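Q: The following block contains a protein sequence and its predicted model.
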Amino acid sequence: MAKESFDKEIQFLRMLLLTSGAFSRKQFAERLGISVHTFDKTARRLKDILLSIKKEQAQQDNLELNQFTRFNYYETSEPLLLFLFRAKSLKESESYRLSVLLAAMQEQALSATELLEVCNRLFPAEIVLPDEKTIRSDLKYLEEVAVITREPGGRPTRYRLHNEMVTQLTEEELLDLYDFVDVMANTQVPSVQGYMLRDNLKKVVKQTHPAPVFTERFLYKYHFHSRILDEAHLYTLFQAIHQKRKISFDYFTPRSGTKYAAQNTNPLFEKKSAGRKELVLPLKVIYDHQYGRWYLLAHKHGKGMVKYRLEGITQITEEDVVSVDVFMQQQQQLAESIRYSWLIDTGRPLKVKVRFFNPDGYQPNFVKERVSLQGQWGVITEESDDSFIYEIMVNGITEIKPWLRSFGSSCEVLEPAFLRRDMIKEWKEILSYYESVRENL
């Protein structure tokens, strides 16, 4: 699949999940920045992929694409990015060729020449036969991703499946491994690689533990499906940071009415993209656990440090490599600017002083435990039987305010005065909402 198509389908699925099919085709296409024809074509492609994955369920229930993506309180068995990775498939000939190669090497170790003979024997007439150079290229790729391994010995080099981790485990150990991967994939970030490993382990487990013997032991209430989609960019960004390489991309701000724009292929109908073209040196990727968002922190010539939400980034392209000295200098400047950031705020540092009230009759003190766990570098400076004082130096108040607000009546802001006034104003506004309801009752 073309990279542009992958970016488009990420935004397509994101909107489909968030709206649950509430938009009309025209509204959906306008929001994405594509034509209705492109919308229909993308929907058909994703539905075909979906039908191939959940063929029996789809045929039995006659479900549409949007019904598969509607929110289910306890269901993360098919994360959306994992679904897209399936859609980001190889050509039919490549997919068939790799399947034949892997099936052949599962039985015994084979050389490139022997695998070519296998292809000549098993390939149907409508699929073009590969040459030895293509087979060797496939073997190199499969070895790089650790799917196959070389057998010891001289030439010709023979390869076999690298599946000892699974084949050497007992049935009980295999189930324990699956449960561990299942928990980690659903609770850690980034998790897409974990989902893919869990998916492959499930296939192996079901071969030895058919239903109803094998059952899922855990269910998860998943809040942030969109961050799974954002992980599509992570490894590209990690690689660019590792290589000290600049990148360019189209960026759509969170307030933008459009979330995607197709590339112009006809100069006669060229139009200005709603996205903003950016050229930056990526420095750091940060995940916001509270809202389930990924952020890119980067340096832009003439502007210094800039911040982007990954959900607005499309069409990433690698650019020039910078020197080690330049990269390290920008890294040091970034570290200094976010030294007191609760997350990524680079505002003026100030001291926040808060009184937290201990819960009456509750042991252990869950308020203090939560402050100690989530309070980052802040410290508890005073304690009494009914409360304790917490202080922290932080860049601005925008990011710490929702955390303080989440404690409700267990938290009283003491300093700075303007933050205290802001909190009072917000709680009065909330109170007014409830007062109006009580009057109506």
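A: Sure thing, it's come through.
Q: does the closest residue in space to residue 414 that isn't next to it in sequence sit in a helix, a strand or a coil?
A: Take residue 414 and drop its neighbours on the chain: the residue closest to it by Cβ to Cβ, 6 or more residues apart in numbering is residue 353, 4.4 Å away. (C-beta placed from N, C-alpha, C; glycine too.) Following DSSP: H, G, I helix; E, B strand; the rest coil, residue 353 is assigned to strand.
Q: And residue 308, by the same measure?
A: strand.
Q: so what's it up against?
A: Contacts for residue 308 (Cβ atoms under 8 Å, 6 or more residues apart in numbering) come out as 251, 278, 295-296, 298.
Q: So which of those residues are in strands?
A: Judged by DSSP state E, the subset of the contacts of residue 308 located in strands is 251, 278, 295-296, 298.
Q: Need the contact partners of the strand or helix carrying residue 242.
A: Using DSSP states H and E, residue 242 maps to helix 234-243. If you take Cβ under 8 Å, 6+ apart as the criterion, helix 234-243 is touched by 190, 245-247, 282-285, 294, 296, 310, 316, 318, 321.
Q: Could you list the buried residues of it?
A: Buried residues in helix 234-243, counted by 16 or more other Cβ atoms under 10 Å: 234, 236-237, 240-241.
Q: quick one, helices of the stretch 101-250 of the chain?
A: Using DSSP state H, counting those that start in this stretch, the helices found in the stretch 101-250 of the chain span residues 112-122, 132-144, 164-167, 171-187, 192-208, 225-230, 234-243.
Q: Lowest average confidence across those helices, which one?
A: Lowest mean pLDDT within those: helix 164-167, a mean of 72.
Q: Could you list the buried residues of it?
A: Under 16+ other Cβ under 10 Å, helix 164-167 has no buried positions.
Q: Could you list the domains of the chain?
A: With domains defined by automatic domain parsing, the chain comprises 3-73, 92-162, 166-220, 227-262+273-337, 349-437.
Q: looking at those, which is closest to residue 82?
A: domain 166-220 (4.8 Å; Cβ to Cβ).
Q: Between the two ends of the closest one, how far is it?
A: One end of domain 166-220 sits 26 Å from the other (Cα to Cα, to the nearest Å).
Q: and it, how far out from the chain's middle?
A: Mean C-alpha position of domain 166-220 versus that of the full chain (Cα atoms, centre = their mean, to the nearest Å) differs by 20 Å.
Q: which stretches of the stretch 251-400 of the chain form strands?
A: Using DSSP state E, counting those that start in this stretch, the strands of the stretch 251-400 of the chain run over residues 276-288, 293-300, 304-309, 313-321, 349-357, 379-383, 387-395.
Q: mind putting those strands in TSV, mean pLDDT and distance to residue 97 included?
A: Output for those, formatted as TSV (pLDDT from 0 to 100; distance: least, Cβ to Cβ, whole Å):
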stretch	mean pLDDT	distance to residue 97
strand 276-288	92	35
strand 293-300	93	35
strand 304-309	91	39
strand 313-321	89	28
strand 349-357	94	59
strand 379-383	92	61
strand 387-395	94	54
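Q: Throw these into a markdown table and include distance to residue 24, thanks.
A: Shown next, in a markdown table, are those (distance: least, Cβ to Cβ, whole Å):
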| stretch | distance to residue 24 |
| --- | --- |
| strand 276-288 | 28 |
| strand 293-300 | 28 |
| strand 304-309 | 27 |
| strand 313-321 | 23 |
| strand 349-357 | 46 |
| strand 379-383 | 54 |
| strand 387-395 | 43 |
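Q: do you know which of the ones you listed lies nearest residue 16?
A: Short answer: strand 313-321, nearest of these by Cβ to Cβ, at 16.7 Å.
Q: And residue 389, how close does it get to residue 125?
A: In this structure, residue 389 and residue 125 are 80 Å apart, going by Cβ to Cβ, to the nearest Å.
Q: one step back: can you put the buried residues of helix 234-243 in JSON lines and add distance to residue 427?
A: Written out in JSON lines, the entries for the buried residues of helix 234-243 read as follows (distance: Cβ to Cβ, whole Å):
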{"residue": "234", "distance to residue 427": "38"}
{"residue": "236", "distance to residue 427": "43"}
{"residue": "237", "distance to residue 427": "39"}
{"residue": "240", "distance to residue 427": "44"}
{"residue": "241", "distance to residue 427": "42"}
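Q: Out of the contacts of helix 234-243, flag the one nearest to residue 138.
A: Looking across the contacts of helix 234-243 and measuring by Cβ to Cβ, the closest to residue 138 is residue 318, at 24.5 Å.
Q: Count the residues that sit near residue 336.
A: 10 (other Cβ atoms under 10 Å).
Q: tell me the contacts of it?
A: Not one residue lies near residue 336 by Cβ under 8 Å, 6+ apart.
Q: Identify the residues contacting the closest residue to residue 323 other than its chain neighbours.
A: Ranked by Cβ to Cβ, 6+ apart and with sequence neighbours excluded, the top spatial neighbour of residue 323 is residue 244, at 7.7 Å. Shown in contact with residue 244 (Cβ under 8 Å, 6+ apart): 281, 321-324, 327.
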